[in-house]
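In: pasting the sequence and the predicted coordinates here, then a few questions.
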Amino acid sequence: MSISHIEHIGIAVKNLQDAIPFYEEVLGLKCYNIEEVKDQKVKTAFFMVGQTKIELLESTDPEGPIGKFIEKKGEGIHHIAFAVTDIENQLQRMEGKGVTLIDKTPRKGAEGLDIAFLHPKSTLGVLTELCENKNK
Ligand code: ZN
């Protein structure tokens, strides 16, 4: 197994403008990047905590995955992302162990990472993302 660390925790928020001040002024973290991921219909804001990021997710479309999540469950933790090496092989291996993959092959996520999601029905209810940084 080659998970090195928790790459980020994804948190769904209604809007970044209201959420960022909590992370900056209350928790004392610094937002270092805001990026739109059109593919996923979200705007993301990133904070670094050690080698792990907090990724705030604001929906840009009520029909997008975060829009639907907030409508159903409200704001809160949306997913956990593990940093892996050799993401293609990891996906294959996990599928071989009976895990349902949302992404059978990796796609591009925020910050140029290769990402893939595992279905929460086969991960004990936690939407799980694998990330590989192939740029470094
Ligand atoms: Zn993520």
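Out: Yep, that arrived.
In: can you give me the helices for the protein?
Out: Assignment of helices within the chain using DSSP state H yields the ranges 16-21, 65-73, 87-96.
In: only the buried residues of the longest one, if you could.
Out: Residues of helix 87-96 classed as buried under the neighbour-count rule (16 or more other C-beta atoms under 10 Å) are 87, 90-91, 94. In short, each C-beta sits where N, CA and C put it, glycine included.
In: pull the most distant pair out of those.
Out: Across the buried residues of helix 87-96, the longest distance by C-beta to C-beta is 10.4 Å; it joins Ile87 and Met94.
In: how close does the closest residue to Pro106 other than its chain neighbours get to Gly28?
Out: Distances taken as C-beta to C-beta, 6 or more residues apart in numbering place Asp114 nearest to Pro106, at 4.0 Å, with adjacent residues excluded. In this structure, Asp114 lies at 31 Å from Gly28, with C-beta to C-beta, to the nearest Å as the measure.
In: what do you get for Val42?
Out: As judged by C-beta to C-beta, Val42 and Gly28 stand 25 Å apart.
In: partner strands of the longest strand belonging to the chain and their direction?
Out: With residue count as the measure and DSSP state E as the assignment, the chain has strand 3-13 as its longest strand. With DSSP bridges as the criterion, the sheet partners recorded for strand 3-13 are strand 52-59 (parallel), strand 76-84 (antiparallel).
In: please identify the deepest-packed of the ones you listed.
Out: Mean neighbours per residue, mean count of other C-beta atoms under 10 Å, is largest over the strands paired with strand 3-13 for strand 52-59, with a mean of 22.
In: where does the chain come near the ion, residue by residue?
Out: Proximity of the chain to the ion is assessed by C-beta under 5 Å from the ion, with 10, 81, 129 identified as the residues in range.
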